[in-house]
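Asker: need a structure here:
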Amino acid sequence: MRKCPFCLFEIPEEARVCKSCNSTIVKKCTACNAEILATAKKCRYCAADLDAPLPVAQPLAVLPDRPCGERREIVLQLLLFFLTCGIWGLVLQYRIGSDLNTHQTKTRLNPGMDLLLIFVTCGLWVFYIMAKYPQVMTEMIRDEGRNCSDLVLPSILFTLFGFHVVALLLLQSELNDHWKHHALQG
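Answerer: I've put the predicted structure just below:
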């Protein structure tokens, strides 16, 4: 048992909220995202100063020279997927990876090698891709100062249950919104 830092009521070690004063006992570190006490001034894991102001993200208007990817119609992509018996999903996956690399102006993904590894691993590599691509996309969008849904878990779950195309269409939809935002800023 430990004591609530706000009312000193005894609470279980794993408690997140005090049952006496309804105060939140834990929070996430703004630097490393570790769970720490709500009253902490420094993170016990990364020693980040939690009272320091958060860095302000650069507005998107500062980055107009970044090339945008192609906006693709979701219904058309789905139709092409079914007409090609799923082969279009591989093409779409390659294009999403290429668009992410081009927009970031650096090579964090290797879509060609990913396609090869899908065949070599009899399809198992697709689970890695459906974790990596959404993660890279989310980081890219957040680095530009915009909010973005974290699509890693939905992408993996859709892929796990045999709906890889739905995961790809979710990624493409998020990218379409991002390209639209860039067009409005430009």
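Asker: If we ignore the residues flanking it in sequence, what's nearest Phe158?
Answerer: Taking Cβ to Cβ, 6 or more residues apart in numbering, and ignoring the residues beside it in sequence, Phe158 has Ala167 as its nearest neighbour in space, at 4.1 Å. C-beta here means a position set from N, CA and C on the backbone, and glycine is covered the same way.
Asker: Wait, a helix at that neighbour?
Answerer: Yes - Ala167: assigned to a helix according to DSSP: H, G, I helix; E, B strand; the rest coil.
Asker: Roughly how far does it sit from Met130?
Answerer: Summarising the geometry, the distance separating Ala167 from Met130, computed by Cβ to Cβ, to the nearest Å, is 5 Å.
Asker: Can you check which residues contact both of the two?
Answerer: Any residue near both Ala167 and Met130 by Cβ atoms under 8 Å, 6 or more residues apart in numbering counts here, and that gives Ser155, Ile156, Phe158, Thr159.
Asker: Out of these, which sit inside helices?
Answerer: Secondary structure assignment by DSSP state H places Ser155, Ile156, Phe158, Thr159 of the shared contacts of Ala167 and Met130 in helices.
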